[in-house]
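> this is a predicted model, with the sequence first.
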Amino acid sequence: MGMWDGENWIWQLQWRRRMFQWELPLLDSLLVLIEDFRPLKEGEDRHIWSFGKEGVFNLRSFMEAFYNLKYGEVEQKPWFRLVWQGLAPPRYELILWAILWKRVNTKDRVMRWKPMVEDEMNCVFCGVELETVNHLVLHCKFSWRIWCELCDLWGVAWVCPNEVDEAFLAWTGAHFVGFERSLWHACFMAVVAIIWELRNGMVFEGKVPNWSGIRDKVILLVGVWSKAWKENLPYCLEDWVSNWNAIRAWKGKRMMIR
Ligand SMILES: [Zn+2]
């Protein structure tokens, strides 16, 4: 691997076979790349995740690094940081992330590589429209009913944009602050996750969704997530549906969000 020459480290890479001619320029490039790096003389080797703070891996830094490498910084979406706020467990952040990027296998995507008859391409909820992310999450009459119930709960009117990422930006642009703002953002994440899980339950397990009580399910999911935000919220999970307005108005200390 290499040797010390006084204070200088000299790389001596050994290979299992002789290099092909075309590989030699690559080897030169590699040596240029690593010439400024040297092993520590003391201490044990350890893994460091250089994309995250303090060298520790987390999902947010991975997704940021991956999408930067793949699409370049200029392509970074304006909603990027609004997804990874720590308001929901990483699994739910990832669902929202994939939905906003439209990297989920809705039927309009699947039909690119798998021939389908017309009925198969339709939304599993309404059975009428082609299943796209925008339709499934926003415009299907079943999904739209959930958004309307949620807006009623909050006492807001909302003209929903066509695209799901525009909808997320519009939603998160509402003028709520502090704890209420976090609740509001988390509600969007919860609706998206619940719709996506209902859809997958129907497609892969043949489950029949129970549309009544979805609004309460959204509230309870946000309630569960909120336990990780701040410990001194003076309500237990059973209170969330019955005491929604009081919880919403609760003014605690500013939450720690990452
Ligand atoms: Zn539909």
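Cool, got the structure. Residues are numbered from 1 along each chain as shown.
> CA atoms of stretch 118-134 as CSV?
The C-alpha atoms that make up stretch 118-134 are tabulated as CSV, following Å, rounded to 0.1, in the frame of the first residue of the first chain:
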residue,chain,number,x,y,z
GLU,A,118,-56.2,-0.1,-20.2
ASP,A,119,-57.9,-1.1,-17.0
GLU,A,120,-54.7,-2.0,-15.3
MET,A,121,-53.3,1.5,-15.9
ASN,A,122,-56.0,3.2,-14.0
CYS,A,123,-55.8,4.7,-10.5
VAL,A,124,-56.5,2.0,-8.0
PHE,A,125,-58.7,4.3,-6.0
CYS,A,126,-61.2,5.7,-8.5
GLY,A,127,-60.5,3.2,-11.4
VAL,A,128,-61.1,6.0,-13.9
GLU,A,129,-58.0,8.1,-14.5
LEU,A,130,-54.5,7.1,-15.4
GLU,A,131,-52.5,6.5,-12.2
THR,A,132,-49.8,9.3,-12.1
VAL,A,133,-48.2,10.7,-8.9
ASN,A,134,-50.1,13.9,-9.4
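> buried ones in that stretch, by neighbour count?
Met121, Asn122, Cys123, Val124, Phe125, Glu131, Thr132, Val133, Asn134 (16 or more other Cβ atoms under 10 Å). All C-beta atoms are positioned from the backbone trio N, CA, C, and that covers glycine.
> is that stretch anywhere near the ion?
Yes: applying Cβ under 5 Å from the ion, one finds stretch 118-134 touching the ion at Cys123, Phe125, Cys126, Glu129.
> pLDDT averaged over that stretch - what is it?
Stretch 118-134 shows a mean pLDDT of 90.
> what's it in contact with?
Contacts with stretch 118-134, where a contact means Cβ atoms under 8 Å, 6 or more residues apart in numbering, come from 99, 102, 104, 106-108, 111, 135-136, 139-143, 162-164, 198-199, 202-203, 209.
> near the ion, which of the residues you listed show up?
Answer for the contacts of stretch 118-134 near the ion (Cβ under 5 Å from the ion): Cys140.
> filter the contacts of stretch 118-134 down to the ones in helices?
Among these, the members falling in helices (DSSP state H) are Ile99, Lys107, Asp108, Lys141, Phe142, Ser143, Val164, Leu198, Arg199, Met202, Val203.
> of the residues of stretch 118-134 next to the ion, which pair is most distant in space?
Greatest spatial distance among those (Cβ to Cβ): Phe125 and Glu129, at 9.2 Å.
> up against the ion, what does the stretch 1-150 of the chain have?
Counting by Cβ under 5 Å from the ion, the residues of the stretch 1-150 of the chain near the ion are Cys123, Phe125, Cys126, Glu129, Cys140.
> for the third one, give its distance to Gly206.
Think Cys126. 17 Å (Cβ to Cβ, to the nearest Å).
> show me which positions of the helix or strand of the chain with the lowest mean pLDDT end up buried.
In the chain, no helix or strand scores lower on mean pLDDT, DSSP states H and E than helix 59-71, which sits at a mean of 74. Across helix 59-71, burial judged by 16+ other Cβ under 10 Å covers Arg60, Ser61, Met63, Glu64, Tyr67.
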